[in-house]
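> What follows is a predicted protein model with its sequence.
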Amino acid sequence: MTQYSSNPLGDGGAATANQGSPNTADLIDHLTQFEGPPEQFLLHLLAVQCFIAQAEHGAILRVEAEGGADVLSVCPPIPDGGTAPVWLAQSVEIAPTIAKGVEVVVRPLHGGDEMYEEQACEHLILLPLRSGGQVRGVASFLSAGRDAAAVDACRQRLELTISLLSLYEMRLTLQRRRTDMQNLRRSLDVLTTIHEHAQFRAAGMALVNQIASGWNADRVSLGMLAGRYVQLRALSHTEHITRKMKLVQDIESAMEECLDQDEELIYPAPENDPHVLRATTHLSTHHGQTAIVSMPLRQKGAAIGVIAVERTKEKLWQPEEIETLRLGCELVTAWVNHLYEYDRWFGARWARATRKGLGALVGPRHTWAKITAIAVCAVLLFLVLAKGEYRVSADFEVQAIVQQAVPAPFEGYLAKVFVEVDQDVEAGDVLAELDALELEQQRTGLVAERVSNQKRADSAQTQVEKQIALAEVNRVQAQIDLLEDQIERATIRAPIGGTIVTGDLDQMLGAPVQKGDLLFEIAPLARLRAVLQVPEDQIADINKTAGGQLATYTSPGDRIDFEIERINPVAQSVEQSNVFEVRARLTGPSEHVEKLKPAMKGVAKIDAGPEPYAWIWTRKMLNWVRMKLWI
């Protein structure tokens with residue numbers, strides 16, 4: 001068994017080792033104050049845990065989301081090129097399963113020469129490591145010995161020391177937050193410094209000097225974009241800038257290099273850095289062998305200037321410093337740009353605004369917006385100047401010009417039907433028959449009564465009796481004539497030739513009909529017309545000589561020409577809207593007209609003359625606005 005009696009912390013516990021074997025309190029106190037990197041802490045933590053729990057080996061495993069496990073630290077460390085021991089391989093294999101639970105798991109580890117019936121001489125103790133409410137890893141320890149009590153004692157000691165990892169994570173988190181607060185304060189100091197000045201020159205000098213002191217820089221430069229070039233406007237610890245100086249020209253070249261790429265430039269460059277650093281390298285090598293960071297100042301996504309910070313190469317730029325410097329630049333950009341734009345006389349501001357507006361209008365930027373504006377203007381001009389055919393839309397219904405109704409001649413029962421709807425008939429054709437049996441019986445009785453009265457008249461003794469009998473004969477004869485007329489009209493005939501458009505009576509055989517009930521409608525389909533229903537707000541747009549086209553819902557692809565015959569001067573209410581009835585004569589094509597049937601409906605377009613497209617598409621809205629506002 002490996003013993004950790006000397007000093008499990010190695011060099012980190014030298015002070016304790018000088019006083020003899022360290023006790024548990026000293027070891028834990030050392031870990032709670034450990035300031036080294038995480039990988040060293042894990043190794044020290046495992047050494048302390050193995051020492052306290054008298055475990056032979058220990059390892060910390062990180063469980064991946066996909067189900068695998070990575071070894072973060074092993075104590076004692078495995079030599080380079082060595083193979084993983086059996087206990088570690090088994091720990092990696094079962095770590096994902098252990099991570100799904102919250103309990104400490106103890107598993108026996110049998111040696112190659114042991115029987116499975118025997119008690120194992122080594123045990124694996126696996127503890128889930130929780131972080132942020134979730135199990136992120138597993139700590140695995142190898143404990144030697146067959147005694148169950150000793151293994152349980154080892155497990156308990158490990159459970160007591162496992163919280164040291166959480167304490168270290170909390171300390172790292174607090175340290176990062178403290179560092180972040182310090183960096184934020186440094187950036188806010190820059191912002192506070194320049195807000196104390198209302199003029200660009202003073203604010204620029206305060207900005208570069210504050211950055212130089214806050215980031216231990218030797219030289220800080222502020223350049224602003226003027227046209228297509230960058231002009232150096234402020235240099236730390238320098239009151240007057242001479243543009244003919246070689247240093248000023250090289251700084252401006254490095255700034256333009258940064259602005260052209262619109263990226264932060266760092267020199268010396270990190271490995272595999274794709275940026276061009278020719279001017280930046282020249283500035284560093286010819287003016288002090290400095291480490292340089294150049295950052296573009298962006299306002300609304302556009303670069304307006306550059307900050308260049310230089311210091312000796314012994315102080316290379318760290319990512320945390322660059323991030324803090326970036327935050328400071330972002331905080332001050334708006335105020336710097338505001339002062340740069342407005343801290344000038346009126347003529348310069350007006351000229352800059354005019355140039356900027358004209359540049360946006362005719363320059364290469366916002367190409368799609370300019371194309372869209374031109375297209376919109378072209379469309380508006382077309383709508384106002386170009387004219388199109390204004391057409392009034394109206395619903396219509398096909399009607400026959402001549403349509404004859406065939407009613408029931410008297411009250412009776414329908415006996416026979418000889419025709420169907422859509423059947424052509426000629427004038428005089430039999431359409432149907434009513435049951436005339438009762439009329440025949442009445443006629444027979446009246447004939448007998450007439451014969452009897454005639455005999456009475458022939459045998460009358462007096463002239464008065466004869467006259468009375470003849471009067472009865474005439475009365476009965478009139479009734480007989482009426483019945484014969486009804487019997488003849490019981491056979492219903494077509495009054496005109498045409499097509500049956502109404503009269504599907506096959507299911508009414510034997511049903512009673514009343515006098516005047518509509519039985520059939522006959523219409524000559526060769527003579528049809530369209531009756532349009534024009535809304536009252538558009539009736540004034542059409543005239544009596546107008547024409548147009550119509551199409552039925554049955555055949556929307558067949559367009560039929562028509563001409564207006566008459567406009568009804570009185571409006572009608574249809575579906576809570578006032579419409580005017582307009583009759584139209586169909587003019588062709590004949591093959592389309594022949595397909596029409598009475599009662600067909602569709603949409604008609606009436607030609608109302610050429611009008612500008614803008615008026616055609618906005619007339620309804622304009623009329624509504626005029627009515628509401630009474631313009």
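Yes, it's here. Numbering: from 1, shown residues only.

> What pairs with the strand or helix carrying Gly548, parallel or antiparallel?
In the assignment (DSSP states H and E), Gly548 maps to strand 547-552. For strand 547-552, the paired strands and their directions (DSSP bridges) are strand 560-574 (antiparallel), strand 601-612 (antiparallel).

> most tightly surrounded among these?
Each of the strands paired with strand 547-552 was scored by mean neighbour count; the highest is strand 601-612, a mean of 17, by mean count of other C-beta atoms under 10 Å. Where C-beta positions appear, they are placed from N, C-alpha and C, glycine not excepted.

> The strands paired with strand 547-552: which one's closest to Ser284?
Distance to Ser284, taken as C-beta to C-beta, is lowest for strand 601-612 among the strands paired with strand 547-552, at 68.9 Å.

> List the contacts of the strand holding Gly548.
391-392, 396, 398, 530, 532, 557-564, 584, 587, 596, 600-607 (C-beta atoms under 8 Å, 6 or more residues apart in numbering).

> residues of that strand that come out buried?
By neighbour count on 16 or more other C-beta atoms under 10 Å, the buried set for strand 547-552 is 548, 550-552.

> Which is the succeeding secondary structure element to the top helix by length along the chain?
Of all segments of type helix in the chain, defined using DSSP state H, the longest is helix 163-195. Once helix 163-195 ends, the next helix or strand along the chain (criterion: DSSP H and E) is helix 200-214.

> now that next one: how far from the chain's centre is it?
Relative to the centre of its chain, helix 200-214 is centred 47 Å away, using C-alpha atoms, centre = their mean, to the nearest Å.

> cool, stretch 84-102 as well?
How far stretch 84-102 lies from its chain's middle: 46 Å, per C-alpha atoms, centre = their mean.

> if we can go back for a sec, out of the strands paired with strand 547-552, which is closest to Leu164?
strand 601-612 (85.2 Å).

> Following the chain past the closest one, name the next helix or strand.
Next in sequence after strand 601-612, counting helices and strands by DSSP H and E, comes helix 613-629.

> Might you calculate how far that next one sits from the centre of the chain?
Distance, centroid of helix 613-629 to centroid of chain: 33 Å (C-alpha atoms, centre = their mean).

> Against which helices or strands is that helix packed?
Using 3 or more C-beta pairs under 8 Å, 6 or more residues apart in numbering; DSSP states H and E as the contact test, the elements touching helix 613-629 are helix 367-385, strand 387-400.

> contacts for stretch 189-198?
The contact list for stretch 189-198 (C-beta under 8 Å, 6+ apart) reads 203, 206-207, 210-211, 214, 328, 331-332, 335-336, 339, 343.

> typed the wrong thing, it's stretch 438-455
With C-beta under 8 Å, 6+ apart as the test, stretch 438-455 has contacts from 469-470, 472-473, 476-477, 479-480, 483-484, 486-487, 490.

> ok, now stretch 529-540?
So stretch 529-540 is contacted by 392, 394-401, 542, 550, 562, 565, 567, 571-572, 574, 577-586, 604, 606, 620, 623 (C-beta under 8 Å, 6+ apart).

> circling back to that earlier point, now mean pLDDT too, for the helices and strands packed on helix 613-629, in CSV please.
CSV is the format used below for these (pLDDT from 0 to 100):
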stretch, mean pLDDT
helix 367-385, 87
strand 387-400, 90
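
> Quick one: closest of these to Met255.
helix 367-385 (27.8 Å).

> ok, and for the closest one, which residues are buried?
Buried residues in helix 367-385, counted by 16+ other C-beta under 10 Å: Leu383.

> With stretch 533-542 instead?
Buried residues in stretch 533-542 (16+ other C-beta under 10 Å): 533-535, 538-539, 541-542.

> So of these, which two are at opposite extremes in space?
Greatest spatial distance among these (C-beta to C-beta): Gln533 and Asp541, at 14.9 Å.

> so where's the protein uncertain?
For the chain, the stretches flagged by pLDDT under 70 are 1-22, 111-119, 132-133, 344-349, 352, 355-356, 358-365, 631.

> Mark out where each domain of it begins and ends.
Domain ranges of the chain: 10-161, 186-343, 404-520, 527-629, per automatic domain parsing.

> Minimum distance to Val379: which of those domains has it?
Nearest to Val379 among these is domain 527-629; the distance by C-beta to C-beta comes to 9.7 Å.
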